[in-house]
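A.B. asks: Predicted coordinates and the sequence they were generated for:
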Amino acid sequence: MLPDSKIPEGPLADKWDNHKFDIKLVNPANKRKFKVIVVGTGLAGSSAAATLAELGYEVDAFTFHDSPRRAHSIAAQGGINAAKNYRNDGDSVFRLFYDTIKGGDYRGREANTYRLAQVSVDIIDQMAAQGVPFAREYGGLLANRSFGGAQVSRTFYARGQTGQQLLLGAYQQMMAQVDAGKVTLHTRQEMLDLVTKDGEACGIVTRDLTTGEIKSHSAHAVVLATGGYGNVFYLSTNAMTCNVTAAWRAHRKGAYFANPCYTQIHPTCIPAADEFQSKLTLMSESLRNDGRIWVPRSPDEQRRARDIPEAERYYFLEEKYPAFGNLVPRDVASRNAKTVVDQGQGVGPLKNGVYLDFAAAIERDGLDKVWERYSNLFEMYERITGEDPRETPMRIYPATHYTMGGLWVDYNLMTSVPGLYACGEANFSDHGANRLGASALMQGLADGYFVLPYTIGDSLAGKLGTDPVSTDDEVFQAAEADVRGRIQKFLSIGGTKSPDYFHRELGKLVWNYIGMERDQNGLEKAISEIRALRDEFWKDLRVLGNTDTINSSLEKAGRVADFFELGELMARDALDREESCGGHFRSESQTEEGEALRDDDNFQHVSAWEWHDMDTPQTKHAEELIFEEVTPSQRSYK
Amino acid sequence: MSTTLNLTLQVWRQDGPDAAGRFETYQANNIPDDASFLEMLDVVNEDLIENGKVPIEFPHDCREGICGTCGVMINGRAHGQEKGTATCQLHMRKFNDGDTIAIEPWRAAAFPVVRDLVVDRSPMDAIIQAGGYITAPTGTGGDANDTPIPKEAADSAMDAAACIGCGACVAACPNSAAQLFTSAKVWHLNSLPQGQPERYKRAEAMVETMEQFFGSCTNHGECSEACPKEISLDFIAYMNRDYIKSKRFNRKLAGQG
C-alpha cells in the first residue's frame, strides 16, 4: 500500500506554514543526539548536510568523488529561478507555482510545487549571503533573465556557470561545518546498499573506492541526495559517473520508485560526432533567448548556412509557435527538432542537428553584447567542434538531461521506507512530467536548505533516547555479505565484454524505444531486448583487476547492472501510462497538432512502483493528483 | 568529415600509492580527430580489456571542463598544450598523425599517486575547510538586494570564483605551490562585502593551511599558464597583501588578550 502523502490540509498558500507548525520539533539541545547520513554532496546533499549540522545534528556526508565539489550540480549552466519579482514584471510565488505545475503538464503535486515556489526567494538570499557572485546590473543589484519558456525574468545566474557557483557555495558552507566537527566527510565512498531493520532505514554499506574496504555506517535517518538516472541512456549530458545505484538499492529495499518514464530531453546539446562519443555536452538553453533555430527547407541543401537565403530557411519553432517562438518548453523544442531531423532536414556531417543562429542577435545588439552574454558557451562550443558560433551557426540536437522521476516521497521528503529521505533530483516530487529550465538548482537547494532540515525532525523526534542500530547487528552483516558477493560475482564472470560495451548497447535500446517518442510496440520490444541483454551481461561480462584498489571497471559494472533493472522499469512505466504528458510522449496519444495529449480521467496520478524480486515485475501503486487551485488544461504554446 | 590518427602513447602505470611506477607504451590507432583526449583513452582502455589487460585508471567525470576531476600531464604540460583548456576539452584534432604522447599524473608531493594517473588532491579541500567560506548559516541572509555590489567588483569575484579546483596550477609549478588555487578563493570571498567580517582571519588560515602541504611561490607564473580557467596571477598579489595585513589585524587588542 502507498503510504499517506501527508499533504497538509488548508488553503494552498498556508499549507507549508501550517505544516511547519504542526510537525514535531527536536529541541535544540537534543539535536546533537541524532546522527544523520547524507549520501551525495551535490546541491541537495551539501546544502542538507550543512544545514542539518548548523541546526545541531551529527552528520555523516558521503561522496564517491575525491571532493564534494565534483558533484554534477557543478555543470548546470543557465540559472536558478526565484519568484523575487525584482524586475517588476508581474512575477509572484503563485505565478512561479503555476508555471511549474503547467510546465509539468499537471502531473506534479500542487502542495509540493507551491512550497518550492515559496522557498525559492529564500534561496537567493541565502546564496547571496554565501558570497555567490551572481550577475549584477551596473547599479549593483542582481541581474535576471528570462529562461526556457518563462514570460517573466526570474532567473538568477552567474555567467554560464550558475551550478558551479551555487555548488561551491553549498560545498563551502558544508566545509565550514566539517571544520566545526559537525559534519564528518567521507570521500571516495560509494553507497552500495541501504540497510533496514524491521522495515526502517538504519544505515548504509559503502565501498572505499581506493582500498576496496566494505564498511557499514548506521544512523537515525538516511538521506539520499544522489541525483538522477539519465545515464541509463549512455549518451547524456550527465557526468560519466552519474548513476542510479544508491536509489536503486533503496528501491530494492522497499522504497517505491515513482514515474520512472518521466525523463527530460534537453533541446540544446552538441550532436554526437562519432561512435566513440562518450557523453553529450549541453549548451545552456539561455542561448535560445538570442539564437534562432532553423534548418534548410530542402533536405538536399549543400550550401553553408550563411549562404542560404532567408526564404529557404525553415524557422520551425517561430513558424509553429508564434507566441513563444524559440522559447517553447524543452519537450516541445526537442520533439520538433527530432521531427525535422527525421524528415531529412538535419544539418552537419551526420545530418543529426539543427542550427542555432546568432546572426540576428549580433546584428541587433552588436557582437560585444552577445559575446559578453555567452562567451564561455561560445568558447566551449568551439573547443569541442572546431567551429566559431560567431561565424557559423551552432549545431544542436536534443539529449537526455534530467529525470523527473525518482524515489517516491511524501510531503516530508520521506520515502516509503521510514527513516529514508530523498532530496533533489533523486526524488520525484516537484516537477511533474517535465521540468522548467533553471528549476533543478532551485529544487535541489529548496529541499536541502529549507525543506528537509525541518521535516526530518518529525520522524526523529519519536526516536529520542534510542541509539542507532549497531553496525554489528545481523542486518548490517547480511548487507555487507550481499555487497561482497556481488563484487565477487562481477570479477568472476570472466566473459569477453566490458561494462562500457553493455552500457552503450543498453543506452541504444533506451534511446530508441524509451526516448523522445514511445509506443506500445517499441516499449514491449524494449522490455524483452533489455532482458536479453541483461542475461548476456551476467554471462559475458569482463571485469579485470582487483577489488583492493581503484577499479573503475568494477564500479561501472555495478552501476550498469542497476541501469538494466531501471531501464526495464522505465519501459514498463511508459507502457502503463497510455497517455502523453510532458517529457513522456506516447505517439498513440497526441492532438491533431502533434502535441502531447493527456488522459486526465485515467492517468491523473503518480505511478509508484514496488519492488518484489528479480522474477516478479514491480507492482504499481497510484497516488491520485488532486488539483484544488489550478484546472488542468491542454498545454498550448501557439 | 573527420580524419583519424595513429598515435603512440607512453603512459605512467602505478599499481598503488606505494608501488613503483613505470611507463608503458601503447598504440592508439584509428582515433577520430573529433574525439576528445579522454575518449582516446577510452578507446585504448577498451582495447586493453579486450586483450585481457587491466585498463588505465585516469581521473575524469563531467567531461565538459567544469568539475575539475580530470587532469594529466600531457607531454610534460598540465592539461596539455592548449591554453585555457582542461584535459577533457582537449580534442585530438590538436595532435598530428604519428605523434608520440607522454601521459603522466599530476606531479607534486602533496598529491600522492593513488593509481596510474589518479592522484589524491585532498589538501585542496583542507584549504577550503580552513576558511574558504562565508559564515552565513541557512536562513540568516537578508534580502539579496539589500547589499548592492558594483558590477565590476562582482565580475572580479566571479573571475576568481571560476577556479575548478583541478590542481593543474600545483602540477605546473616548479615548487608545487598552491598559491593560485588558494588566492582565487581568498579573492573571491575577500573582494565581496559579505566576505569582509572574516577577511583577515580567512586569509591567514587559508595561507597557513596551504603552507602545511604545498611549496612556496616564487612567481614563475607557470600556474596561470596551465590554468584551464586562466585564473590571473594578480590574485596571488591580492592574497599576499591580505595575508600581511592579517598579521596586524588579527592580533588581539593590547591588554585584552
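C.D. replies: Sure, I can see it.
A.B. asks: if I look at A:A323, how far off is chain B?
C.D. replies: 31 Å (Cβ to the nearest Cβ, to the nearest Å). Quick note: C-beta positions are derived from backbone N, CA and C, even for glycine.
A.B. asks: A:K620: helix or strand, and which one exactly?
C.D. replies: When secondary structure is defined using DSSP states H and E, the element that contains A:K620 is strand A:619-624.
A.B. asks: can you pull the buried residues of that strand?
C.D. replies: Within strand A:619-624, the residues that qualify as buried by neighbour count (16 or more other Cβ atoms under 10 Å in any protein chain shown) are A:K620, A:H621, A:E623.
A.B. asks: got the contact list for the first one?
C.D. replies: Contacts of A:K620 were listed using Cβ atoms under 8 Å, 6 or more residues apart in numbering or on different chains, and they are A:D573, A:D576, A:S607, A:A608, A:W609, A:E610.
A.B. asks: how far is the helix or strand in which A:D17 is found from where the chain is centred?
C.D. replies: Secondary structure assignment for A:D17, by DSSP H and E: helix A:12-22. A distance of 27 Å separates the C-alpha centroid of helix A:12-22 from that of its chain, computed with Cα atoms, centre = their mean, to the nearest Å.
A.B. asks: what comes into contact with that helix?
C.D. replies: The set of residues that contact helix A:12-22 without belonging to it, under Cβ under 8 Å, 6+ apart, is A:7-10, A:93-94, A:110-111, A:114-115, A:118-119, A:411, A:454, A:628-629.
A.B. asks: Please export the C-alpha coordinates of it as CSV.
C.D. replies: Written as CSV, here are the backbone C-alpha positions of helix A:12-22 (Å, rounded to 0.1, in the frame of the first residue of the first chain):
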residue,chain,number,x,y,z
LEU,A,12,-2.6,26.1,-0.7
ALA,A,13,-0.8,29.2,0.3
ASP,A,14,-0.9,28.2,4.0
LYS,A,15,-0.1,24.5,3.8
TRP,A,16,3.7,24.8,4.3
ASP,A,17,3.4,27.3,7.2
ASN,A,18,0.7,25.2,8.8
HIS,A,19,2.7,22.0,8.3
LYS,A,20,5.9,23.5,9.9
PHE,A,21,3.8,24.4,12.9
ASP,A,22,2.1,21.1,13.1
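A.B. asks: what packs against the lowest-mean-pLDDT helix or strand in chain B?
C.D. replies: Least confident helix or strand of chain B, by mean pLDDT, DSSP states H and E, is helix B:234-249 with a mean of 94. Other elements packing on helix B:234-249 under the criterion 3 or more Cβ pairs under 8 Å, 6 or more residues apart in numbering or on different chains; DSSP states H and E are helix B:179-190, helix B:199-213.
A.B. asks: got the angle for it vs helix B:199-213?
C.D. replies: With axes from the mean of the first three to the mean of the last three Cα atoms, to 10 degrees as the basis, helix B:234-249 and helix B:199-213 are set at 110 degrees to each other.
A.B. asks: what angle sits between helix B:234-249 and helix B:179-190?
C.D. replies: Here helix B:234-249 points in a direction 70 degrees away from that of helix B:179-190 (the same axes, to 10 degrees).
A.B. asks: Run through the residues of the stretch 401-550 of chain A sitting next to chain B.
C.D. replies: Within the stretch 401-550 of chain A, the positions lying close to chain B (Cβ under 8 Å from any Cβ of the partner chain) are A:Y449, A:F450, A:P453, A:T496, A:S498, A:D500, A:Y501, A:R542, A:L544, A:G545, A:T549, A:I550.
A.B. asks: nearest to A:R70, of those?
C.D. replies: Nearest to A:R70 among these: A:I550, at 14.9 Å, using Cβ to Cβ.
A.B. asks: where along the stretch 401-550 of chain A do the helices fall?
C.D. replies: When assigned using DSSP state H, counting those that start in this stretch, the helices of the stretch 401-550 of chain A occupy the ranges A:440-445, A:452-460, A:474-492, A:499-514, A:520-540.
A.B. asks: List the buried residues of the fourth one.
C.D. replies: For helix A:499-514, burial by neighbour count (16+ other Cβ under 10 Å) applies to A:499-507, A:509-511, A:513-514.
A.B. asks: quick one: that helix to helix A:474-492, angle?
C.D. replies: Relative orientation of helix A:499-514 with respect to helix A:474-492: 100 degrees, computed using the same axes, to 10 degrees.
A.B. asks: what about the residue in the stretch 351-500 of chain A that chain B sits nearest to, neighbour count?
C.D. replies: Sorted by distance to chain B under Cβ to the nearest Cβ, the residues of the stretch 351-500 of chain A start with A:S498, at 4.5 Å. Here the neighbour count serves as a burial measure; for A:S498 (other Cβ atoms under 10 Å in any protein chain shown) it reads 23.
A.B. asks: Distance of it relative to A:S216?
C.D. replies: When Cβ to Cβ, to the nearest Å is the yardstick, A:S498 and A:S216 sit 30 Å from each other.
A.B. asks: try B:A35
C.D. replies: Plainly put, B:A35 is 42 Å away from A:S216 if you go by Cβ to Cβ.
A.B. asks: Same drill for these two, tell me which one is more crowded.
C.D. replies: Neighbours around B:A35 and A:S216, counted as other Cβ under 10 Å, are more numerous at B:A35. The numbers are 25 against 22.
A.B. asks: I figured that one hits B:V44, correct?
C.D. replies: No - at 11.1 Å, B:A35 does not count as touching B:V44 under the criterion of Cβ atoms under 8 Å.
A.B. asks: circling back: how about the least confident helix or strand of chain B, which residues are buried there?
C.D. replies: The neighbour-count check on helix B:234-249 (16+ other Cβ under 10 Å) flags B:F235, B:I236, B:Y238, B:M239, B:N240, B:D242, B:Y243, B:S246 as buried.
A.B. asks: What are the contacting residues of that helix?
C.D. replies: Everything outside helix B:234-249 that qualifies as a contact, by Cβ under 8 Å, 6+ apart, is B:160, B:179-180, B:182-184, B:186-187, B:190-191, B:199-201, B:203-204, B:207, B:217, B:219.
A.B. asks: Identify each buried residue in stretch B:106-118, please.
C.D. replies: Buried residues in stretch B:106-118, defined by neighbour count with 16+ other Cβ under 10 Å: B:W106, B:R107, B:A108, B:A110, B:F111, B:V113, B:V114, B:R115, B:D116, B:L117, B:V118.
A.B. asks: mind giving me the domain ranges of the chain?
C.D. replies: Picking chain A for this. Partitioning chain A according to automatic domain parsing yields domains covering residues A:266-400, A:474-603.
A.B. asks: oops, I was thinking of chain B
C.D. replies: Domain segmentation of chain B under automatic domain parsing yields B:4-115, B:121-249.
A.B. asks: Can I get the ones you listed in TSV including distance to A:E363?
C.D. replies: Conversion of these to TSV gives the following (distance: least, Cβ to Cβ, whole Å):
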stretch	distance to A:E363
domain B:4-115	28
domain B:121-249	26
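A.B. asks: and of those domains, who's closest to A:A221?
C.D. replies: Between A:A221 and the domains of chain B, the shortest gap by Cβ to Cβ is with domain B:121-249, which sits at 18.1 Å.
A.B. asks: now do the same end-to-end measure for that closest one.
C.D. replies: Taking Cα to Cα, to the nearest Å, the first and last residues of domain B:121-249 lie 31 Å apart.
A.B. asks: Where strands are concerned, which of the contacts of A:K620 count?
C.D. replies: Restricting those to those inside strands, with DSSP state E as the criterion, leaves A:S607, A:A608, A:W609, A:E610.
A.B. asks: backbone phi and psi for the closest residue to chain B within the stretch 251-400 of chain A, please?
C.D. replies: When Cβ to the nearest Cβ is the measure, the stretch 251-400 of chain A has its nearest residue to chain B at A:A273, with 4.0 Å between them. Listed backbone geometry of A:A273 is phi -100, psi -30, with angles given as degrees, to the nearest 10.
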